[in-house]
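> Provide a 3D model corresponding to the input given below.
(chains A, B and C)
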Amino acid sequence: MTAATHLVWLRNDLRIADNPALAAAADGEARVVACFVLDEHSPGLRPLGGASRWWLHHSLTRLAEALDRRGIALVLRRGAATDVVPALARALGATRVDWSRRYGGAEIAVDKAVKARLRQDGIEAASHNGALLYEPWTVKTKTGEFFKVFTPFARSARAGGEPAAPPPALVPRPIAGRPTVAIETDSLDDWRLLPRAPDWAGGLRATWQPGEDGAIARLAAFLDAGLRGYADGRDRPDQGFTSRLSPHLAFGEISPRTVWHAAAARLDGLGGEPVPARDVEKFHSELMWREFSHHLLYHRPDLATVNFQPRFDHFPWNGDPAALARWQAGQTGYPIVDAGMRQLWQTGYMHNRVRMIVGSLLVKHLLIDWRAGERWFWDTLVDADAANNAAGWQWIAGSGADAAPYFRVFNPILQGEKFDPDGAYVARYVPELARLPASVIQKPWTASPQTLHAAGVRLGESYPRPVVDHDKGRARALAAFAALQDA
DNA sequence: TTTTGAGTTGTTCGA
DNA sequence: GTCGAACAACTCAAA
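Residues are numbered from 1 along each chain as shown, chains lettered A, B, ... in the order given. Down below sits the predicted model:
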């Protein structure tokens, strides 16, 4: 008598530990087969950006190795998931399929269709919570609505119960669990996820270790070196207080509850020096922002393309392509902005504080539609996440939930002086300014000719003048946004 | 139903 | 340099 087969369909949960879908599939005597489907065919699914494709290649490579050590094969397939997953389940003779839930509109539609097809075929199908601390539909206001303000959302979610502790690690399965028949799988190289001609991924390779082991190592490094002092240090792009777990969370290489509880454990000093409660609370709050973004996306599936506040639909955006290109290239003439955009281009990542500064400049000073920024981030960020990216851009534009007042326009000079006081961040990513003294590195156009000459800076040649004067840009933005109120 | 307090991340101006 | 007020009015969420 042959053992039953369970299929686990992995998507944004590329890990072994605390993976409820994998655990459900591996529960019992059945042999387990895992699959990943590169779906570039289903309607509405957004194609992965370039940086995400690079990350996915390496994450899948690591995952295949880790699964193989547990006697589980990873099958790679390309095509519309509604066809591919049921077909694979039938070919394997699988009796059930498990997966972790996704929260975008198109993703939910695909998953529903897959579930219906499987059940038609008499195959059990079960979805699990592998990505969130709180399912979006479980957090509701007293009147049954979804929350549109962060603080009451976070309070209400936690009042319903603190995040569950992750279960103990999955017990490795014996080699006998391997499938006895050969299963066709795509070659990962054929998917061409890695850039070539040119290979622009050098900076990514130097910065990141994709995969579950990399995620665990990053968490450990953060707990030891970033959590203590996090509440204040997290705003400093020149220092190393941020967790940098975002891409690992985006691909599900580590679960949010693993991260949550690992930070909470440091309160007591377990496994290290005790950390002030304020730092742990601030970090937990950032995880709750991730929850809130998913909450918003679930209730507003078009969050990445449609203004959360409809009155923004009439906003007179100025689509100046030359200005957008300068922003993308890190040539705006505002050093903190250019440092951020170049950090993004080189490493696939940008410090959170700097994301707000560059976003504000694009939307307010340049009056460019936030969706242009959202698309650029989607393509270039290794942590590109449908919920976080869309919610973040709508927040900075003022069109989102719980958004800042329109008159809150970031001053890129002041922000640079406040959060990169020595200019170390600018010097690192805008090397042509590295020799300027800290007093002018955030505003090189104010430096004397002697200072510029001594630092080897030729304004307008080696480094541009500001794309728009701050005071003029601010005034223009306030006028445009104020008109929105009267409309 | 009405009322009330509150709301991630800022800047500028004038004292 | 530091401090408080002004910048608008609105929406949200709960009492």
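> could you report the pLDDT at whichever residue of the stretch 351-487 of chain A sits closest to DNA strand B?
Ranked by C-beta to the nearest atom of the strand, the top residue of the stretch 351-487 of chain A for proximity to DNA strand B is A:Asn411, at 3.6 Å. C-beta coordinates here come from the backbone N, C-alpha and C atoms, glycine included. The model reports A:Asn411 with a pLDDT of 94.
> just give the nearest non-adjacent residue to it, would you?
Excluding its sequence neighbours, the residue lying closest to A:Asn411 (C-beta to C-beta, 6 or more residues apart in numbering) is A:His470, at 6.2 Å.
> quick revisit: how deep is the residue of the stretch 351-487 of chain A closest to DNA strand B tucked in, by neighbour count?
Neighbour count for A:Asn411, taken as other C-beta atoms under 10 Å: 18.
> domain ranges for chain A?
A:5-130, A:132-163+A:212-299, A:310-486 (automatic domain parsing).
> and the shortest one, how far apart are its ends?
Right, domain A:132-163+A:212-299. 15 Å (C-alpha to C-alpha, to the nearest Å).
> swap in stretch A:19-31?
Separation of the first and last residues of stretch A:19-31 by C-alpha to C-alpha is 17 Å.
> please tell me how far that stretch is from the chain's geometric centre.
Offset of stretch A:19-31 from its chain centre (C-alpha atoms, centre = their mean, to the nearest Å): 28 Å.
> mind listing what's buried along it?
A:19-26, A:30-31 (16 or more other C-beta atoms under 10 Å).
> what segments of the stretch 301-450 of chain A are helices?
A:321-329, A:335-347, A:352-360, A:370-380, A:386-397, A:412-419, A:424-429, A:449-455 (DSSP state H, counting those that start in this stretch).
> what's the closest of those to DNA strand C?
Here helix A:412-419 is closest among those (C-beta to the nearest atom of the strand), at 11.3 Å.
> quick one, the closest one and helix A:352-360 angle?
180 degrees (axes from the mean of the first three to the mean of the last three C-alpha atoms, to 10 degrees).
> helix A:412-419 vs DNA strand C: in contact?
No. Helix A:412-419 is not in contact with DNA strand C by C-beta under 7 Å from any atom of the strand; minimum separation 11.3 Å.
> and that helix, how far out from the chain's middle?
With C-alpha atoms, centre = their mean, you get 25 Å for helix A:412-419.
> residues in contact with that helix?
Surrounding helix A:412-419, the residues in contact under the criterion C-beta atoms under 8 Å, 6 or more residues apart in numbering are A:235-238, A:334-337, A:353, A:357, A:360-361, A:423, A:426, A:441-443, A:470.
> keeping just the C-alphas, turn that helix into CSV.
Coordinates of each C-alpha in helix A:412-419 appear next as CSV, following Å, rounded to 0.1, in the frame of the first residue of the first chain:
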residue,chain,number,x,y,z
PRO,A,412,15.3,67.8,2.8
ILE,A,413,18.0,70.0,4.1
LEU,A,414,16.7,70.0,7.7
GLN,A,415,16.0,66.3,7.6
GLY,A,416,19.5,65.7,6.4
GLU,A,417,21.0,67.8,9.2
LYS,A,418,18.8,66.2,11.8
PHE,A,419,19.2,62.5,10.9
